[in-house]
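Trainee: Mind looking at a prediction? Sequence and model below.
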Amino acid sequence: MLKKLIDWKRPIFQTCILVTVIILSFVLDFVQVLASIVSNAGLSNSELPPYIRVASTYGRWPLSVTVFIVTLLCIRKINEKAIINPNNNIYHDHAYFSYLFCSLVLGYKICRLRSVPIPMQIKLVTSGTFDAFITEEGIHEASEKDKVKIAYTNAEPYTSTINMVISDTYRIALNQLPETVKQYTTIEIDRSSNDMTRYKSEKLVKAVTNAIRGLPQHVTEINVFATTNPSNTYRIAKEAFSTAGRDRIKHLYAFQQGRNDERDFETSRLKIY
């Protein structure tokens, strides 16, 4: 919990400012406070911003609302070029509602995806939560020898729910999947390599996109298990899950890999859509 607070100290501080303004509006009469400030500063009402003058003439609550709105707009202006998840040395394990609040309320427009759980990366990109995402840090261009292997399990016939296992940085073994999903048709798309290097792979993105487009019409739900780097995750979420699949796939879920020695995937899942 402490690491989460340190990670997002800026948006947390800004939220505290907004909450403080709300609390003060119930404790203080902003009209009287404004009059005192004007008097002590030797100002006249004509020197105040027009919206403050107009709001103050209508009384305490209109002025309180105006002060809150002005504070919020100032915070949003400050955050236009700020980055959510600025520190790459912290694991950014935050709830989707928190990201949504930072975007819609606090006005953040840029999000760094590195060190964000892969299911949350997919959720943020497919939902278009932020205007821009930073994804290319530490990612290398794939060589011409870049290869992708595809394998199928329980595919005759396809089940209406399928597992899509996308191995990128390192390979996912089927025994790492939860027991609750092993009965479903599984498509393994493997671009993993022995050097564990993070590559930007056009072939991997195309393989996932084509696999989704080639699914039988009765397939309506996909479970995603992935070890993709942020660059490939972004493109797969944007081009495969948002564009190729959302027109007919009703439900998309992503599973998080555990941190135990076996690196088994957790049984809980994040609903993407």
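Mentor: Okay, I see it. Numbering: from 1, shown residues only.
Trainee: measure the residue nearest to P119 when sequence neighbours are not counted to A155 for me?
Mentor: Excluding the flanking residues, the one nearest P119 by C-beta to C-beta, 6 or more residues apart in numbering is A254, at 3.5 Å. Any C-beta I mention is one placed from the backbone N, CA and C, and that applies to glycine too. Distance, A254 to A155, by C-beta to C-beta, to the nearest Å: 21 Å.
Trainee: now do K250
Mentor: Separation of K250 from A155 (C-beta to C-beta): 20 Å.
Trainee: Confidence-wise, which helix or strand of the protein is lowest on average?
Mentor: Least confident helix or strand of the chain, by mean pLDDT, DSSP states H and E, is strand 140-141 with a mean of 78.
Trainee: Given that one, what are its sheet partners and their directions?
Mentor: Applying DSSP bridges, strand 140-141 is found paired with strand 199-200 (parallel).
Trainee: And the strands in the chain?
Mentor: All strands of the chain, identified by DSSP state E, fall at 83-84, 110-112, 132-134, 140-141, 149-153, 161-167, 185-190, 199-200, 221-226, 251-257, 265-271.
Trainee: Nearest to A41, out of those?
Mentor: strand 83-84 (37.1 Å; C-beta to C-beta).
Trainee: For the closest one, name the packing helices and strands.
Mentor: strand 110-112 (3 or more C-beta pairs under 8 Å, 6 or more residues apart in numbering; DSSP states H and E).
Trainee: quick one: T66 and I52 touch, right?
Mentor: Yes. The criterion here is C-beta atoms under 8 Å, and T66 meets it with I52 at 6.6 Å.
Trainee: Between A254 and A155, point out the one with more neighbours.
Mentor: Applying other C-beta atoms under 10 Å to A254 and A155 shows that A254 carries more neighbours, namely 26 against 13.
Trainee: ok, for F30, nearest residue in space, not its chain neighbours?
Mentor: Closest to F30 by C-beta to C-beta, 6+ apart is L63, at 4.6 Å.
Trainee: Need the nearest residue in space to I75, chain neighbours excluded.
Mentor: Spatial nearest neighbour of I75, chain neighbours left out: Q14 (5.0 Å); criterion: C-beta to C-beta, 6+ apart.
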